[in-house]
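Undergrad: quick one: sequence plus predicted model below, questions after.
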Amino acid sequence: MILVIHAHPYPARSRTGGALLAAIGDVPGVQVRSLYQMYPDFDIDPRAERAALEAARLVVLLHPIFWYTTPAMLKHWFDVVLVKGWAYGEGATALKDKPCLWAVTTGGDDHDYTPAGHHAHPFEAFAPVVEQTVRFCGMRWLAPFVVHAGRQLTDDNLRERAAELRRRIEEQAA
């Protein structure tokens, strides 16, 4: 099973996120858990989330970048699901060696993520928090999949990027 943890507080407004989800939704074995839809009150069911993680062969974290990191729900999910003794620490092997693909969208374009750009740093400067969370839990960090300037992409470009995400997931699932 391929587990997609989707965290977008306004999924109906996200053209890019919607295209990515549509492109991977029918990949055999994909299970999408849209956190904001499942837990509108932020009362996450850690047991259900851990069971889904345990059954997964590949974990995909799919979300937009909010203030240089994950949306609040995904951070909360990390806090209540990835606990000591299960996800990390002595004897914790539930996630050991599971590959994790970080699939993110940004409002800014490639230039915005340069020293001269709006965000003053390359995009890679914002990855360490999520990467270390994944690695701390014993998972294998895969090269991130990033879609910059999603709102500005043409329909054809967006379809190409969505197809690329699908290929990445299918390759990992094979």
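TA: Everything's here; your move. Numbering: from 1, shown residues only.
Undergrad: wait, is V60 part of a strand?
TA: Yes: V60: assigned to a strand according to DSSP: H, G, I helix; E, B strand; the rest coil.
Undergrad: that one pairs with what?
TA: V4, L101 (DSSP bridges).
Undergrad: that one touches A103, doesn't it?
TA: Yes: if you go by CB atoms under 8 Å, V60 and A103 touch, sitting 5.6 Å apart. Bear in mind the C-beta positions are built from the backbone N, C-alpha and C, glycine included.
Undergrad: who has more neighbours, the two?
TA: Just comparing V60 and A103: by other CB atoms under 10 Å the higher neighbour count belongs to V60, 25 against 22.
Undergrad: the more buried one: what's it in contact with?
TA: Taking CB atoms under 8 Å, 6 or more residues apart in numbering as the criterion, V60 is in contact with I2, L3, V4, I5, I24, C100, L101, A103, I169.
Undergrad: what subset of those is buried?
TA: Buried subset of the contacts of V60 (neighbour count, 16 or more other CB atoms under 10 Å): I2, L3, V4, I5, I24, C100, L101, A103, I169.
Undergrad: show me which of the contacts of V60 is closest to V134.
TA: Of all the contacts of V60, V134 sits closest to C100, with 4.6 Å by CB to CB.
Undergrad: how about the strands in this protein?
TA: 2-6, 30-34, 58-64, 99-105, 140-141, 145-147 (DSSP state E).
Undergrad: look up how far Y39 lies from V80.
TA: Going from V80 to Y39 by CB to CB, to the nearest Å gives 10 Å.
Undergrad: roughly how far apart are the residue lying closest to G85 once chain neighbours are set aside and L3?
TA: Closest residue to G85 apart from its sequence neighbours, by CB to CB, 6 or more residues apart in numbering: A92 at 5.6 Å. Counting by CB to CB, the gap from A92 to L3 is 18 Å.
Undergrad: how about stretch 90-106: buried residues?
TA: Buried-residue list, stretch 90-106, by 16+ other CB under 10 Å: A92, A94, L95, K98, P99, C100, L101, W102, A103, V104, T105, T106.
Undergrad: spit out the contact partners of the most centrally placed residue in the chain.
TA: Centroid check for the chain by CA atoms, centre = their mean gives L61 as the closest residue, at 1.8 Å. Residues in contact with L61 (CB under 8 Å, 6+ apart) are I5, A7, T70, L74, C100, L101, W102, A103, V104, V130, V134.
Undergrad: how near is it to Y113?
TA: Counting by CB to CB - L61 and Y113 are separated by 19 Å.
Undergrad: count the residues that sit near L74.
TA: 22.
Undergrad: then T16?
TA: Quick note: T16 (other CB under 10 Å) scores 22 neighbours.
Undergrad: show me the contacts for G117.
TA: So G117 contacts G108, H111 (CB under 8 Å, 6+ apart).
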